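Provided below for reference: sequence and predicted model.
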Amino acid sequence: MTGQERSEEKSECVSLSPMMEAVPALPESERVCVIGTGDLGRSLCLRLLHPGYGVVFGSRRPHSSSRLPHGEQVLGHAAAAQSAHLIFIAVQREHYDFLVPLANQFKGKVLVDLSKNLRKNQYPEANAEYLQSLVPGAEVVKGFNTLSAWSLQNGPSDANRQVYICGESVEAKQAVIAVATKLGFSALDRGSISVARELEDFPLQLFPQWRHPLRIAIGLSAAFFFYLLIRYVIYAYVTQGKDISFRIMVSLANQVCPIVSLIMLSLCYLPGVLASFLQLYRGTKYRRFPNWLDRWMLCRKQLGLLSLGFAFLHVLYTLIIPIRYSVMFWVTEHTVSLIRENRTTMFDTTTAWHDDSYLSLGILGFGLYVLLGITSLPSVINSLSWREFSFVQVGSPGPVTLNA
Ligand SMILES: NC(=O)C1=CN([C@@H]2O[C@H](COP(=O)(O)OP(=O)(O)OC[C@H]3O[C@@H](n4cnc5c(N)ncnc54)[C@H](OP(=O)(O)O)[C@@H]3O)[C@@H](O)[C@H]2O)C=CC1
Ligand SMILES: [Fe+3]
């Protein structure tokens, strides 16, 4: 580097707060470059500062970049690329062209492609593969794209601890995994760069495991609702001319909920039983299940949670029965007619027993439902031994999760 170039680079370096001067000269392994001073770049920088990394930003306009977290160094792209071995690219893919003239500076460096897309198959090739083709001398690793700037800034939480990475070079991936681990994330190596498209599609998935269970729940609810509508409301109107259409809102809904809930519960446990029979029939547990059974088993948790949801609705609908206008009217009417006719009714112990037992069993049944629901939460599962888990989740056969 000539003296003039060095002085140019020096003038590219911009201090945004007095803290910058305080940043000690760190070895290259503890210095990280972030290209792009946007939302993600800044959030990543904040996270990197926690374990003590030195961050050097690369920007188009190093002099005018403002409001950086702690006055980190902001250099031009070329100078920033030379300052660290690990470089995060926090720029949208459509602007990647600016990297082409910098290919020499990126030679031998590890580039982490953070980009995500707005929709699936937005580009013919994965962003990481495109980046690799622009800077062939660098080792591109795809990663961190499943996190949002917000979650990066707030640090890893239980639900958001996992980051996925992929790339060709094992050393490059190890360097990225080391940083991720230091930031508190657990990095999962998903393989070569050809997996990048799959990782880029991750944030675009819309409840993929919920789609079928939701369809089943909606289909069953609609079918039973129309059956009950015809069976009670329309039938009463046609045969007796009685208008009991007000029952649609609460009574009918309250009948639909437990039916759907129980069917969904049986659909949740049925595939496990089928799989066990299949294993017995085949005499081995080391063969893949048919695809339909595999997919069915993978959405058991969603089926179970929906079943719990419908049971919960049934509880709520049942609790409001005494405050319904029609019920209060009927009770008052009955009492007034007893007074008018000067009649009294006897307390029927059998009916009282029958009623209380019915309610008590309902409450206990719902309690069991909730217990099943709670023990399928990942954090609860992790705290249970296998024996405890299968004791609670009666009928949830262990080996059948082989495909999952
Ligand atoms: N925001 C988020 O939650 C997440 C974002 N991502 C991905 O991270 C990348 C950055 O996103 P985000 O920070 O939100 O975007 P922003 O728009 O906030 O920032 C992008 C930055 O890229 C740089 N840039 C913009 N245009 C050009 C250009 N023509 N040439 C060179 N550099 C340019 C700018 O930095 P400068 O002015 O310093 O040059 C700009 O600040 C994207 O690929 C996005 O898909 C991934 C996961 C989450
Ligand atoms: Fe009930």
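Noted; the coordinates are in hand. Model, not experiment: these values are computed from the prediction. Ligands and ions are numbered 1, 2, ... in the order given.

Would you list the phi and psi of the closest residue to residue 84 other than its chain neighbours?
Using Cβ to Cβ, 6 or more residues apart in numbering and skipping the chain neighbours, the partner closest in space to residue 84 is residue 33 (4.0 Å). Backbone N, C-alpha and C define where each C-beta goes, glycine included. Per-residue torsions, residue 33: phi -110, psi 140 (degrees, to the nearest 10).

So residue 33 sits against residue 86, correct?
Yes - applying Cβ atoms under 8 Å as the test, residue 33 and residue 86 come out as touching, 7.1 Å apart.

From ligand 1, how far off is residue 201?
According to Cβ to the nearest ligand atom, to the nearest Å, residue 201 and ligand 1 sit 13 Å apart.

Quick check: the closest residue to residue 376 other than its chain neighbours vs ligand 1, distance?
Closest residue to residue 376 apart from its sequence neighbours, by Cβ to Cβ, 6+ apart: residue 301 at 5.5 Å. As judged by Cβ to the nearest ligand atom, residue 301 and ligand 1 stand 27 Å apart.

ok, residue 372 - contacts?
304, 308, 392-393 (Cβ atoms under 8 Å, 6 or more residues apart in numbering).

Which pair of the residues you listed spans the longest distance?
308 and 392 (14.2 Å; Cβ to Cβ).

Pick out whichever of these two has more residues nearby.
residue 308 (21 against 15; other Cβ atoms under 10 Å).

Next, work out how far apart that one and residue 367 are.
Distance, residue 308 to residue 367, using Cβ to Cβ, to the nearest Å: 12 Å.

and what of residue 174?
Using Cβ to Cβ, we find residue 174 at a distance of 49 Å from residue 367.

neighbour count winner among those two?
More crowded of residue 174 and residue 367, by other Cβ under 10 Å: residue 174, with 14 against 10.

Tell me which helix or strand that one sits in.
Here residue 174, judged by DSSP states H and E, is contained in helix 170-182.

Which SSE is immediately downstream of that helix?
Downstream of helix 170-182 (by DSSP H and E), the next one is strand 186-189.

Show the subsequent helix or strand relative to that following strand.
Following strand 186-189 in sequence order, the next helix or strand is helix 196-201 (DSSP H and E).

Can I get that next one in PDB? Just the C-alpha atoms.
The C-alpha trace of helix 196-201 is given here as PDB (Å, rounded to 0.1, in the frame of the first residue of the first chain):
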ATOM      1  CA  ALA A 196     -28.900 -22.000   0.800                       C
ATOM      2  CA  ARG A 197     -32.200 -21.700  -1.100                       C
ATOM      3  CA  GLU A 198     -33.900 -23.800   1.500                       C
ATOM      4  CA  LEU A 199     -32.400 -21.600   4.300                       C
ATOM      5  CA  GLU A 200     -33.500 -18.500   2.400                       C
ATOM      6  CA  ASP A 201     -37.100 -19.900   2.200                       C
END
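
Which strands and helices lie in contact with that helix?
Using 3 or more Cβ pairs under 8 Å, 6 or more residues apart in numbering; DSSP states H and E, the elements in contact with helix 196-201 are helix 127-134, strand 139-143, strand 162-167.

Need these in a markdown table (columns: mean neighbour count).
Supplementary listing: these in a markdown table, determined by neighbours: other Cβ atoms under 10 Å:
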| stretch | mean neighbour count |
| --- | --- |
| helix 127-134 | 21 |
| strand 139-143 | 28 |
| strand 162-167 | 22 |
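
Which part of the stretch 201-350 of the chain gets nearest to ligand 1, residue-wise?
Here the stretch 201-350 of the chain gets closest to ligand 1 at one residue, residue 203, 7.0 Å apart by Cβ to the nearest ligand atom.

Compute the distance between the closest residue to residue 380 other than its chain neighbours and residue 391, please.
Using Cβ to Cβ, 6+ apart and skipping residues adjacent in sequence, the residue nearest residue 380 is residue 374, 5.7 Å away. Using Cβ to Cβ, residue 374 is found at 14 Å from residue 391.

Now residue 119. Nearest residue, chain neighbours left out?
Spatial nearest neighbour of residue 119, chain neighbours left out: residue 204 (6.6 Å); criterion: Cβ to Cβ, 6+ apart.

backbone phi and psi for that neighbour, please?
phi -90, psi 0.

Quick check: pLDDT value at it.
Note on residue 204: pLDDT of 80.

Tell me how far it lies from residue 197.
In terms of Cβ to Cβ, residue 204 sits 11 Å off from residue 197.

Could you check which of these two is surrounded by more residues?
Remark: of residue 204 and residue 197, residue 197 carries more neighbours, 19 against 13, as counted by other Cβ under 10 Å.

I'd say the more buried one and residue 126 touch.
Yes - using Cβ under 8 Å, residue 197 makes contact with residue 126 at a distance of 4.0 Å.

If you tally nearby residues, what's the number for the closest residue to ligand 1 within the stretch 301-404 of the chain?
The stretch 301-404 of the chain approaches ligand 1 most closely through residue 378 (23.5 Å), counting by Cβ to the nearest ligand atom. Residue 378: 10 surrounding residues under other Cβ under 10 Å.
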